[in-house]
Every structure is written in structure tokens, then in C-alpha cells.
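Quick one, structure for this:
(one chain, ligands or ions: 1)
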Amino acid sequence: MHDQLVTRLEPRSGEPWLDVATGTGGVAIRAAAAGADVTGVDIAPGMLEGARAKAPQIDFKLGDVQELRFDDESFDVVSSCFGFIFAPDHAATARELARVCRDRLGFTAWEPSPELRDLYDRFDLDQPEGRHPFQWGRPEHIDELLGEAFDLQLEHDLWVLEGADGAELWEFWSRSAPPFKAMAESLDPEKRDLFRAAYIEYCERYRAGDRVRVPRRYVLALGRKR
Ligand SMILES: C[S@@+](CC[C@H](N)C(=O)[O-])C[C@H]1O[C@@H](n2cnc3c(N)ncnc32)[C@H](O)[C@@H]1O
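Below is the predicted model of the structure:
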């Protein structure tokens with residue numbers, strides 16, 4: 001998905017490019033390799049440490065997408081792979097993305113999943129509707145918040161997470177997805193064990209032979225500044 005996002009944003013040599021909620025820099029590193037002049041921003045110092053260790057030549061900065069410390073239109077391209085969707089104030093986030101972007105915006109967002117919603121609800125893990133990250137996977141939401149500033153093109157795609165069993169997929173998310181890890185850690189140990197078991201059971205619904213293949217729908221949004 002990092003490759004997909006960078007390719008679809010058509011990097012050009014020397015272009016200022018901001019990757020927001022960059023994590024350990026998966027998109028930033030690919031955009032820089034394609035010639036862009038990349039800055040990565042993330043709210044989590046630990047993620048930035050990982051990014052800097054992988055790519056010391058890239059400018060990785062601590063920052064909040066809801067309040068970016070950059071001048072208006074300072075980046076030709078703004079990208080985010082399952083990143084800014086986790087910031088709670090969606091309107092402020094959208095305003096900031098539109099403000100700092102001069103030309104192209106590209107991001108991926110998980111679509112709402114009734115199955116996951118049921119699962120999270122059982123453990124009181126869901127967030128209020130308006131601030132929920134999966135809201136960014138709804139075309140109406142994207143259009144409402146970004147449609148005035150950008151001419152938008154939305155594509156729906158499917159990602160399949162595959163492993164030997166549900167326990168392996170639980171480990172994958174706990175290791176590589178800070179929002180998932182934080183959600184699980186917000187539970188007391190006993191409830192966390194129950195949540196883990198319920199998550200594994202959800203994955204096992206997608207067993208085919210000796211593998212589980214859990215499908216997850218997402219939106220790839222591309223915008224051109226009006
Ligand atoms: C699922 S990770 C995705 C990381 C990266 N974009 C990638 O594709 O590997 C979500 C990232 O969003 C960051 N994040 C969450 N809220 C943020 C905010 N308000 N401002 C900046 N980064 C934020 C987290 O620290 C985390 O690194």
C-alpha cells in the first residue's frame with residue numbers, strides 16, 4: 001500500500017512532499033527514493049526514532065496533523081497511509097491538510113467494518129461516531145471535509161491479511177499498528193485476554209485450509225487542490 005500510494009501520487013524530482021502520521025516512514029522513504037524532497041511528521045517520538053534509523057537523510061519531525069507547523073501551501077504533495085485518520089479532530093485535520101498542500105493529496109483509510117464494530121463494541125472500545133477513524137473510509141465524510149479544497153477521486157480496494165492463524169495476525173497488529181496496540185492496552189489484563197480471544201475468533205472465520213486470509217476494505221483517496 002505504501003508503494004501504491006507513492007506511485008499514484010506521481011513523485012517528481014525535488015518536489016516538497018509531506019508525509020503526515022508517517023510512522024516508521026514507509027511512504028516517506030519510497031517518496032524520497034523516487035526523488036521527492038520529503039518531510040515526515042508523526043506525533044509519536046518512538047515511531048520517528050524508527051523512521052530516522054531507517055532513513056537518516058529524511059527530515060522527520062515531531063508534530064500533530066491537527067496543528068501543523070508549516071506555512072500555507074509549503075508542500076506540493078501531502079500523503080498519509082492509514083495515518084491522519086487516527087487524529088481525533090477530523091475537521092481540524094482536514095483544514096490543516098488543505099492549508100499546507102499546494103497541489104496533490106493522497107491517503108488511504110479503512111472503510112467501516114460492521115464485524116469489527118461489533119467486536120470493538122463488545123469491549124467498549126469504539127470511539128464516538130464523529131471522531132472514529134473509520135469515518136474517513138466513507139466517501140461522504142471525505143467529500144464533506146475535503147471536497148471544497150480538493151477535486152477528489154476515490155478508489156475502493158481490498159487488502160488481505162494472511163497468516164497461519166488468528167494468533168499470528170493478533171501479533172502482527174500488536175507489533176505494527178500503534179493504534180491497535182494502544183486500544184488493546186487500554187483494557188485491563190483480564191479483558192485484554194478476552195479481546196485477544198475474540199479477535200482470534202474473528203480471524204478464524206476466514207480460515208481456508210491451513211491459512212487464514214482476513215479481507216479488509218480500504219479507500220485510496222487522491223485529491224488535486226482546486
Ligand atoms: C497505523 S500507523 C501508520 C503509520 C504509517 N503511515 C505507515 O503507513 O506505516 C498510524 C500513525 O499515525 C500517527 N498519528 C496518530 N495521530 C496522529 C496525529 N494527531 N498527528 C500525527 N501523527 C499521528 C501514529 O503515531 C502512527 O505512527
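
From the opening residue of stretch 53-61 to its closing one, how far?
13 Å (Cα to Cα, to the nearest Å).

hmm, that stretch in reach of the ligand?
No - if you take Cβ under 6 Å from any ligand atom as the test, stretch 53-61 misses the ligand, and the best it gets is 10.1 Å. (Each C-beta comes from the backbone N, C-alpha and C, glycine too.)

Next, the buried residues of that stretch.
55, 58, 60 (16 or more other Cβ atoms under 10 Å).

One more: stretch 71-78?
75-78.

returning to what we had before: quick check, nearest of the buried residues of stretch 53-61 to the ligand?
Among the buried residues of stretch 53-61, Phe60 lies closest to the ligand (Cβ to the nearest ligand atom), at 11.1 Å.

so the closest one, which of the three states?
Secondary structure state of Phe60, per DSSP: H, G, I helix; E, B strand; the rest coil, is strand.

List the residues that contact it.
22, 25, 28, 39-42, 48, 51-52 (Cβ atoms under 8 Å, 6 or more residues apart in numbering).

filter those down to the ones near the ligand?
Counting by Cβ under 6 Å from any ligand atom, the members of the contacts of Phe60 near the ligand are 22, 42.

Show the pLDDT at Glu129.
Note on Glu129: pLDDT of 62.

Can you spell out which helices and strands pack onto the one helix or strand in the chain whose mean pLDDT sits lowest?
The helix or strand of the chain with the poorest confidence is helix 178-185; it has a mean of 88 (mean pLDDT, DSSP states H and E). Other elements packing on helix 178-185 under the criterion 3 or more Cβ pairs under 8 Å, 6 or more residues apart in numbering; DSSP states H and E are helix 166-176, helix 189-204.
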